[in-house]
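> Test case, fold it:
(chains A and B)
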Number of protein chains: 2
Amino acid sequence: MEFQLDKAKEVLRRTPATLNALLGDLPNDWVLSNEGPDTWSPYDVVGHLIEGEETDWIPRARIILEQGQARPFDRFDRFAMFEKSKGKSLLELLATFGQLRGESLRQLDELNLTPELLQKRGTHPVLGVVTLSQLLSAWVVHDLGHIRQIVRVMANQYGDAVGPWTAFLSILTDKPSS
Amino acid sequence: MEFQLDKAKEVLRRTPATLNALLGDLPNDWVLSNEGPDTWSPYDVVGHLIEGEETDWIPRARIILEQGQARPFDRFDRFAMFEKSKGKSLLELLATFGQLRGESLRQLDELNLTPELLQKRGTHPVLGVVTLSQLLSAWVVHDLGHIRQIVRVMANQYGDAVGPWTAFLSILTDKPSS
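Residues are numbered from 1 along each chain as shown, chains lettered A, B, ... in the order given. This next block holds a predicted model:
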């Protein structure tokens, strides 16, 4: 599937509602459990998605459009949420994410991206040269990847409880990863 | 995490709303694309979840409670939806799944399951002896596993579009599986 801005936005705009439906008011056993040391809980993942809205996707799109390849993106702090989420409830984080995502999509519209602009290039600090359309595609896949992570973390809480069914439930034999 | 009926139900009752939020009214490019021959699209997965409500979870719970180990479960037809979903829109399938899941949860409540009943045993045609609590745990994990499948199938449509970002997006290097 080729990147198309309107179809990418259809996924991006659904993520807050998907996370609200999946996680809103869920008991803490599901929300705060992770997969062991140095892994993330669903709560942590939502904080990470907030960080992405604030520092990653739209800011990087602007760097590409305004400064091109000359100015590498800032590195994305994948652990910032451990500090920033402190003291906040999951419902607060979900509301914040929904607001920020709505704002990101409004800003995306205001960029008035054309097919030509989508081919503009920037410099990722690790990956090197990337295009704006690759950045926006990665935003979509990043959302989907973290929904996958959340459901895998939840499923793994029942790794023992399912007994012999482990053999049929491949989600339980995925390795932890973001 | 130990199986607890009330906490399992909290996940089970959220799945229809999660799928509605993720998939409802999404363009067909996202909904009908799969991961290649003999793999499922998000549309196929919703049909499979419907089949589970109709023939698998609650019917098997009843077999355990009424007939115990003596009467093995019927095999679950993992491909029935290819025929049964024909001609139906995704929105119809999502609505059907929501109705059936609501009915399943009402029936689950009517079973008045006690800790003793949850330890009752049945016979899975392949896995052998299983308990009712393992069956209900597997139901939860089965939901989560298919949400994971849906987002992976969607993400893979952008496998090329993300360019160098493939290296950071582990959802793109998962092997197709249910």
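
> Spatially central residue in chain A, please.
A:D143 (3.8 Å; CA atoms, centre = their mean).

> ok, and the closest non-adjacent residue to it?
Spatially, and ignoring its direct neighbours in sequence, A:D143 is nearest to A:T15 (4.6 Å; CB to CB, 6 or more residues apart in numbering or on different chains). (C-beta placed from N, C-alpha, C; glycine too.)

> That neighbour reaches A:R101, doesn't it?
Yes: the pair A:T15 / A:R101 is scored as a contact, 6.5 Å apart, by CB atoms under 8 Å.

> For chain A, just list every one of the helices.
A:5-12, A:15-23, A:28-31, A:42-55, A:57-67, A:81-84, A:90-110, A:115-118, A:132-156 (DSSP state H).

> Return the most buried member of those helices.
The highest average neighbour count among those, using mean count of other CB atoms under 10 Å in any protein chain shown, belongs to helix A:132-156 at a mean of 25.

> Show the average pLDDT along that helix.
Averaged over helix A:132-156, pLDDT sits at 98.

> centre of the chain versus that helix, how much separation?
Computed by CA atoms, centre = their mean, to the nearest Å, the chain-centroid distance of helix A:132-156 equals 5 Å.

> what angle do it and helix A:5-12 make?
Inter-element angle recorded for helix A:132-156 and helix A:5-12: 20 degrees (by axes from the mean of the first three to the mean of the last three CA atoms, to 10 degrees).

> Does anything pack onto helix A:132-156? Which helices or strands?
helix A:5-12, helix A:15-23, helix A:42-55, helix A:57-67, helix A:115-118, strand A:121-124, helix B:132-156 (3 or more CB pairs under 8 Å, 6 or more residues apart in numbering or on different chains; DSSP states H and E).

> Not counting the helix or strand of chain A with the lowest mean pLDDT itself, show me its contacts.
Lowest on mean pLDDT, DSSP states H and E among the helices and strands of chain A sits helix A:81-84, with a mean of 85. The contact list for helix A:81-84, computed with CB atoms under 8 Å, 6 or more residues apart in numbering or on different chains, reads A:44, A:47-48, A:50-51.

> and those residues near chain B, which?
Among the contacts of helix A:81-84, not one lies near chain B by CB under 8 Å from any CB of the partner chain.

> Chain B: which of those residues is nearest?
A:H48 (13.1 Å; CB to the nearest CB).

> give the contact list for that closest one.
Contacts of A:H48 by CB under 8 Å, 6+ apart are A:40, A:78, A:81, A:146.

> Kindly report the same for A:G47.
A:G47 sits next to A:81-82, A:84-85, A:93 when contact means CB under 8 Å, 6+ apart.

> Could you report the distance from the nearest residue in space to it that is not next to it in sequence to chain B?
Once flanking residues are discounted, A:G47 sits nearest to A:M81: 2.9 Å by CB to CB, 6+ apart. Distance of A:M81 to chain B, computed by CB to the nearest CB, to the nearest Å: 17 Å.

> and if you look at A:V129?
Relative to chain B, and taking CB to the nearest CB, A:V129 is found at 8 Å.

> Apart from its neighbours in sequence, what residue is nearest that residue?
A:R121 (5.5 Å).

> Verify the stated contact: that neighbour with A:I64.
Yes: taking contacts as CB under 8 Å, A:R121 lies within contact range of A:I64: 6.9 Å.

> anything in contact with each of these two?
With CB under 8 Å, 6+ apart, A:R121 and A:I64 have common neighbours A:131-132.

> Quick one: low-confidence residue ranges for chain A.
Within chain A, the segments meeting pLDDT under 70 span A:175-178.

> rewinding a little: could you dump the contacts of helix A:81-84 to a markdown table with distance to B:E116?
Below are the contacts of helix A:81-84 laid out as a markdown table (distance: CB to CB, whole Å):
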| residue | distance to B:E116 |
| --- | --- |
| A:D44 | 37 |
| A:G47 | 41 |
| A:H48 | 42 |
| A:I50 | 45 |
| A:E51 | 47 |
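
> and A:L117, what is it in contact with?
A:65, A:111, A:132.

> The second one contacts A:A61, correct?
Read that as A:L111. Yes: using CB under 8 Å, A:L111 is in contact with A:A61, at 6.6 Å.

> Next, format the helices and strands packed on helix A:132-156 as a markdown table and append distance to A:D29.
Shown next, in a markdown table, are those (distance: least, CB to CB, whole Å):
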| stretch | distance to A:D29 |
| --- | --- |
| helix A:5-12 | 29 |
| helix A:15-23 | 12 |
| helix A:42-55 | 11 |
| helix A:57-67 | 32 |
| helix A:115-118 | 43 |
| strand A:121-124 | 38 |
| helix B:132-156 | 12 |
